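Colleague: build me a structure from this.
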Amino acid sequence: MTSLITSISETMIRVLSIFLISVACLTLACNIIVHVKSATNTTFQAQVIAPNGQKSEKWNFTKNREKQTFQQKADECGVRDWQIQIFDSKGGAKFTEKVKIDGIGRVLYEVKDDLKPVQVERQGAQCTGQCAPLA
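Modeller: Numbering: from 1, shown residues only. Below you'll find the predicted structure:
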């Protein structure tokens, strides 16, 4: 009986160790997808900047329901803020939304007539700041 308990305990310790190592590896890496979607007919531009400084193109939005996507795969995330920058049709800065996003997942920002980016969806990603609830 004692050897059975010892064997079960050793197995549980091995399984727990593998689980903790897996969690640690996943938390050090990230895969974040940021969507920016127009919810206006007002012309504007948008750009996403990842914490490591990598930038999307400066996208031009000219009509309602247009959508662009930026993906960042990195060894570490959550160190600095993500930035979603909005510019008017002439390239003048209007709004910059800053938020910490970490883990594996996606977020959707909508831009309405006021040209302010608002996070309206979030799946999987951890978020600190002006964040949508997890879907």
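Colleague: find me the pLDDT at residue 2, would you?
Modeller: You'll see residue 2 listed with a pLDDT of 68.
Colleague: check the one 4 residues further on too.
Modeller: The predicted local confidence for residue 6 comes out at a pLDDT of 69.
Colleague: with adjacent residues omitted, what lies nearest to residue 41?
Modeller: Leaving aside its sequence neighbours, residue 41 sits nearest to residue 64 (Cβ to Cβ, 6 or more residues apart in numbering; 5.2 Å). Every residue, glycine included, has its C-beta placed from N, CA and C.
Colleague: same question, residue 30
Modeller: Nearest to residue 30 is residue 77, by Cβ to Cβ, 6+ apart, at 3.4 Å.
Colleague: if I look at the one you found, how far off is residue 43?
Modeller: To residue 43, residue 77 is 32 Å away according to Cβ to Cβ, to the nearest Å.
Colleague: of these two, which one has the most company?
Modeller: More neighbours surround residue 77 than the other of residue 77 and residue 43, with 25 against 14 (other Cβ atoms under 10 Å).
Colleague: check the gap between the more buried one and residue 88 for me.
Modeller: 30 Å.
Colleague: ditto for residue 119
Modeller: 21 Å.
Colleague: what of residue 46?
Modeller: Look at residue 46 and residue 88: by Cβ to Cβ, they are 11 Å apart.
Colleague: ok, back up a step: where's the residue nearest to residue 41 relative to residue 56, distance?
Modeller: In terms of Cβ to Cβ, residue 64 sits 20 Å off from residue 56.
Colleague: between these two, tell me which one has more neighbours.
Modeller: Applying other Cβ under 10 Å to residue 64 and residue 56 shows that residue 56 carries more neighbours, namely 19 against 12.
Colleague: who's in contact with that one?
Modeller: 47-49, 68, 70 (Cβ atoms under 8 Å, 6 or more residues apart in numbering).
Colleague: returning to that earlier point: the residue nearest to residue 41 belongs to a strand?
Modeller: No. The assignment for residue 64, made by DSSP: H, G, I helix; E, B strand; the rest coil, is coil rather than a strand.
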